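Asker: Give me a 3D structure for the following:
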Amino acid sequence: MEEPATWEKVLVAILALALIFFMRPGLKAAMERSKHVEKDWAGALLPIGVVVLFVIFLIMMV
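Answerer: Below you'll find the predicted structure:
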């Protein structure tokens, strides 16, 4: 696969900056809301732990 042309790199950079620019207000609001939410690490760690155990199980089966 050949390297992208310069204009393609510039276009991707402009699109990335536009994406960041348009998402910034929503991200800022989400960060403000997350400061006031109770910490529920068990709710996040349980699914991650299950996935890790499942991957280990799959590796052991090979």
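
Asker: Now the element after the longest helix seen in the chain, going C-ward?
Answerer: In the chain, with assignment by DSSP state H, the single longest helix is helix 6-35. Using DSSP states H and E, the helix or strand that follows helix 6-35 in sequence is helix 41-61.

Asker: Please put the alpha-carbon coordinates of that following helix into CSV.
Answerer: Output of helix 41-61 as CSV, limited to C-alpha atoms (Å, rounded to 0.1, in the frame of the first residue of the first chain):
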residue,chain,number,x,y,z
TRP,A,41,-15.7,1.1,40.1
ALA,A,42,-17.2,-2.3,40.7
GLY,A,43,-19.7,-1.7,37.9
ALA,A,44,-16.8,-1.0,35.5
LEU,A,45,-14.3,-3.6,36.8
LEU,A,46,-16.6,-6.6,36.8
PRO,A,47,-17.2,-6.7,33.0
ILE,A,48,-13.5,-6.0,32.3
GLY,A,49,-12.6,-8.8,34.6
VAL,A,50,-15.0,-11.2,32.9
VAL,A,51,-13.6,-10.3,29.5
VAL,A,52,-10.0,-10.8,30.7
LEU,A,53,-10.9,-14.2,32.2
PHE,A,54,-12.6,-15.2,28.9
VAL,A,55,-9.6,-14.2,26.9
ILE,A,56,-7.3,-16.2,29.2
PHE,A,57,-9.7,-19.2,28.8
LEU,A,58,-9.5,-18.9,25.0
ILE,A,59,-5.7,-18.7,25.1
MET,A,60,-5.5,-21.8,27.3
MET,A,61,-7.8,-23.7,24.9
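
Asker: Neighbours of residue 27, how many?
Answerer: Neighbour count for residue 27, taken as other Cβ atoms under 10 Å: 10. C-beta here means a position set from N, CA and C on the backbone, and glycine is covered the same way.
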